[in-house]
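Participant: Give the three-dimensional model of this entry:
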Amino acid sequence: MSIDFSLSEEQESLRELAAQFARDVIRPAAPHHDETGEYPHAVLKEAHKLGLMNTHIPSEYGGLGLGAMDGILIAEELAWGCTGIGTAMEANGLAQQPVILGASDFLKKKYLAPMVDEYSLCAYCVTEPGAGSDVQGLKTTAVKKGDKYILNGSKMWITNGGVADWYFVVALTDAEKKARGGMTAFIVERNSPGVSVGKKEPNMGQRASDTRAISFEDVEVPAENVVGREGDGWSLAMAAFDYTRPSVAAAAVGLSRAAMEYAVQYATERKTFGVPIASHQSIAFMIAEMAMNIEAGRLLCYKAASLKDAHKRNTREAAYAKAFCADMAMKVATDAVQVFGGYGYSREYPVEKLMRDAKIFQIYEGTSQIQRLIISKEIFLRNK
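Facilitator: Residues are numbered from 1 along each chain as shown. Presented below is the predicted three-dimensional model:
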């Protein structure tokens, strides 16, 4: 028995396309968007033309229907270019995934199919001011009245919140049941009366991404916009993470790879005591540790994605990849700043941006602590 880590010709071509786009389009644009916080519409429109967005939309709705493995190959390369721009691109995938998994044919045709032909954006609208990791804290409600639901509540830290045309929203439809069948998912159009978009959050890193609060005041949502069945909301929202967490982890690998490349280049050019600092064991070992952890993280991503493409349960493996790669990215970026010394702390050099960008990997799509909670539960669940 052998395990083949090679990629198909199609996957190699896909990765090279993403790498070239990251090198030629994303990298040159990244400093401007980090400095200004301006949303990178022009970059995303180019990515859309090349087919690097909305890659998981099924072929029957006009999409490429790419698998999880294909997605992580793209995600790593885009993140190597800039994780802020990469997150802006990948946010569509997070909002789309529960729709792909549970929505009616009608909703898929109405909301997914048009995104293949025309550049547009959507957002995963679940987290609330008092309900991030704490599911039971969710307070947004949806009350059915005739053939519609009346939506009230607020969401927080919504990626693509200010630029999305529609939101995937989870709300309480049965306060007694809560996460166990009491939460329902909806597609809510951004231009619906009663939808309010907050100011752009001035984030520490990934500043090209658009993060905002979204409020709903007596928003009327047609019953036909329920994703799946009433009560399926939380399970659909969580099922999406088995697809997206490996991609987020791969993005952390891409950032780490960029940080290591900068550190290697600097260590071979910068001299102390008459020799390049790469000659000093303290520096060489730091970079060696970066390399081995990047490789380990990438393989965790490959396994999590491969399991999903084989239609096998990958919740634990997705959490492995997300937790390891998020923590690894923070360490690699911090160590890259250390290799640069005082220069690394300056905004004139690239690694300080990578350190700022890396931190959010330990927070969004489930904190590193939540990933450990998932892993421990999975371990004991499987050992029952």
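
Participant: For the rest of this, base every contact and every neighbour count on C-alpha atoms.
Facilitator: OK.

Participant: What ranges does the stretch 101-250 of the chain have for its helices?
Facilitator: 105-107, 113-117, 233-239, 241-269 (DSSP state H, counting those that start in this stretch).

Participant: Name every strand pairing with the very next helix or strand once past the longest one and say which way it goes.
Facilitator: To tie it back to what came earlier, the one meant is helix 241-269. Downstream of helix 241-269, the first helix or strand assigned by DSSP states H and E is strand 271-272. Taking DSSP bridges as the criterion, strand 271-272 sits next to strand 275-276 (antiparallel) in its sheet.

Participant: for the record, mean pLDDT for the helix or strand just after the strand it pairs with?
Facilitator: Per DSSP H and E, the first helix or strand lying C-terminal to strand 275-276 is helix 281-309. For helix 281-309, mean pLDDT is 97.

Participant: Would you mark the buried spots in helix 281-309?
Facilitator: 283-284, 286-287, 290-291, 293-294, 296-298, 300-309 (16 or more other CA atoms under 10 Å).

Participant: orientation of it relative to helix 241-269 in degrees?
Facilitator: For helix 281-309 against helix 241-269, the angle by axes from the mean of the first three to the mean of the last three CA atoms, to 10 degrees is 160 degrees.

Participant: helices or strands up against helix 281-309?
Facilitator: helix 68-81, helix 241-269, helix 315-340 (3 or more CA pairs under 8 Å, 6 or more residues apart in numbering; DSSP states H and E).

Participant: just the angle between that helix and helix 315-340, please?
Facilitator: Using the same axes, to 10 degrees: helix 281-309 against helix 315-340 is 160 degrees.

Participant: got the angle for helix 281-309 vs helix 68-81?
Facilitator: Using the same axes, to 10 degrees, helix 281-309 lies at 150 degrees relative to helix 68-81.

Participant: rank the helices of the stretch 101-250 of the chain by mean pLDDT and give me the bottom one.
Facilitator: The lowest average pLDDT among those, as it happens, falls on helix 233-239, at a mean of 94.

Participant: OK, contacts around residue 30?
Facilitator: 81, 82, 85, 208 (CA atoms under 8 Å, 6 or more residues apart in numbering).

Participant: Please repeat the previous calculation with a cut-off of 7 Å.
Facilitator: Counting by CA atoms under 7 Å, 6 or more residues apart in numbering, residue 30 touches residue 82.

Participant: can you list contacts of stretch 6-16?
Facilitator: Counting by CA under 7 Å, 6+ apart, 70, 73, 74 sit against stretch 6-16.

Participant: quick one: buried residues of it?
Facilitator: Quick answer for stretch 6-16 (16+ other CA under 10 Å): 11, 14, 15.
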